[in-house]
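> pasting a predicted model and its sequence here:
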Number of protein chains: 2
Amino acid sequence: MFSQTVEYALRAVVHLAYQAEVPQTTDQIAAATRVPKAYLAKVLQQLCQANIVQSRRGMGGGMWLARPPGQLTILDVVNAVDPIRRIRHCPLGLSAHGVRLCPLHKRLDSALAAVEDAFRSTTLAEILAEPNTSRPLCDVAWALPVTTKT
Amino acid sequence: MFSQTVEYALRAVVHLAYQAEVPQTTDQIAAATRVPKAYLAKVLQQLCQANIVQSRRGMGGGMWLARPPGQLTILDVVNAVDPIRRIRHCPLGLSAHGVRLCPLHKRLDSALAAVEDAFRSTTLAEILAEPNTSRPLCDVAWALPVTTKT
DNA sequence: GACAAATTGGATGTCAAGGTCCAATTCTCG
DNA sequence: CGAGAATTGGACCTTGACATCCAATTTGTC
């Protein structure tokens, strides 16, 4: 139900939240999050334009979070790459009823609203701090060499 | 976020709930719900196989609901054509953690669960009976000639 | 300045969802 | 029975999401 792109963007952002010290290259993020490198680059560009992450080119460059994790919600990330499309008017195209939705679409839309709210009220910081569970990215990131260079 | 197919299936089922008396042909349903006729036929077949609607061929044939609207939930319809895919194990493919999800995917999945619950707890009958709003299908069905035949 | 490391942008490929079309089948009615 | 009404099933087309590849650009280091 959520697009691959959303999944990828969230993984990338979680990784960046952990590696806050130094800019992460696309290669590093791709390896840690198991996302196809070339496509990840596109997704990161979108996050860049939405001012979720910042980037620097050239040697020593890479990506990092534009804000502290406590000020970055899941919804911010989702909206940057694949916004939740709320139902704002009748999908049948009839403008006869103005903005009022019929009961069917009101239910559908309120389900969307619930998702939106859940995402809006969860910051990255909360995800990182969650107690009593396995770590985000399923510990994959930490089992892999992240800064290794021969 | 919900597929077109889900939208079409729900419209069709709502229409059938209103026209409970007599079998509705694909043409009639398509006209009332503004869904492409040929594609609607495919969707209706899926609903048929899932035992949501029943059909009869030949003259006087058509489609009708297999159960009373009070015993048919939105979730039933959704699951018949495009089931909600809950997140049951780490999308990164690591089986190292067994079934336990990391905090990130736990949040995503619980959003899916919320949608599923909302859909499970809403019957067609409730949608038809909703007070104080415009009617399902945005009254389009009632403005169109449904049984007209020259 | 030259080289290597990194992002950026454009062109292209692949695949499933959405959509169309037509022939085959099944049913009812006269 | 036969004709017409309707579903059923298969083949096909189109489009956007996902993904890949390569050239251009920017940046740091020697």
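Looks like it came in fine.
> for chain A, what spans make up the strands?
With DSSP state E, the ranges of strands along chain A come out as A:53-56, A:62-65.
> could I get these as JSON lines with distance to DNA strand C?
Yep, even glycine has a C-beta here, placed from its N, CA and C like the rest. Shown next, in JSON lines, are the strands of chain A (distance: least, CB to the nearest atom of the strand, whole Å):
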{"stretch": "strand A:53-56", "distance to DNA strand C": "4"}
{"stretch": "strand A:62-65", "distance to DNA strand C": "4"}
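> tell me which of those sits nearest to DNA strand D.
strand A:53-56 (5.7 Å; CB to the nearest atom of the strand).
> that closest one: which residues count as buried?
Within strand A:53-56, the residues scored as buried using 16 or more other CB atoms under 10 Å in any protein chain shown are residue A:53.
> can you check stretch A:119-127 too?
Per 16+ other CB under 10 Å, stretch A:119-127 contains these buried residues: A:119, A:122-124, A:127.
> tell me the one of those nearest DNA strand D?
Nearest to DNA strand D among those, counting by CB to the nearest atom of the strand, is residue A:119 at 16.9 Å.
> where does chain A have low pLDDT?
Residue ranges of chain A with pLDDT under 70: A:93-99, A:131-150.
> flag every residue of chain A that's near DNA strand C.
Taking CB under 7 Å from any atom of the strand as the measure of proximity, chain A contacts DNA strand C at A:24-27, A:38, A:41-42, A:44-45, A:48, A:55-63.
> for residue A:36, what are phi and psi?
phi -50, psi 130 (degrees, to the nearest 10).
> if we can go back for a sec, now, the residues of chain A next to DNA strand C that are in helices?
Taking DSSP state H as the definition of helices, the residues of chain A next to DNA strand C contribute A:26-27, A:38, A:41-42, A:44-45, A:48.
> who wins for most neighbours among those?
Among these, the one with the most neighbours (other CB atoms under 10 Å in any protein chain shown) is residue A:44, at 26 neighbours.
> leaving out sequence neighbours, find the closest residue to that residue.
residue A:63 (5.8 Å; CB to CB, 6 or more residues apart in numbering or on different chains).
> surely the one you found and residue A:53 touch.
Yes: the pair residue A:63 / residue A:53 is scored as a contact, 4.9 Å apart, by CB atoms under 8 Å.
> which neighbours do the two share?
A:12, A:16, A:44, A:47 (CB atoms under 8 Å, 6 or more residues apart in numbering or on different chains).
> picking that back up, now, among the ones in helices among the residues of chain A next to DNA strand C, which is nearest to DNA strand D?
Of these, the one sitting nearest to DNA strand D (CB to the nearest atom of the strand) turns out to be residue A:38, at 3.7 Å.
> quick one: that closest one and residue A:101, what's the gap?
41 Å (CB to CB, to the nearest Å).
> and for residue A:42?
Distance from residue A:42 to residue A:101, by CB to CB: 35 Å.
> how about residue A:1?
Applying CB to CB, one obtains 21 Å for the distance of residue A:1 from residue A:101.
> my read: residue A:110 touches residue B:115, true?
No: using CB under 8 Å, residue A:110 makes no contact with residue B:115, being 10.0 Å away.
> what about those two, which has more around it?
Taking other CB under 10 Å, residue A:110 and residue B:115 do not tie; residue B:115 has more neighbours (24 against 15).
> burial count for the residue lying closest to that one once chain neighbours are set aside?
The shortest distance from residue B:115 to any non-neighbouring residue, by CB to CB, 6+ apart, is to residue A:111 (4.8 Å). Using other CB under 10 Å, residue A:111 is surrounded by 22 other residues.
> repeat for residue A:2
18.
> how many neighbouring residues does the closest residue to it other than its chain neighbours have?
The shortest distance from residue A:2 to any non-neighbouring residue, by CB to CB, 6+ apart, is to residue B:108 (6.4 Å). Residue B:108: 25 surrounding residues under other CB under 10 Å.
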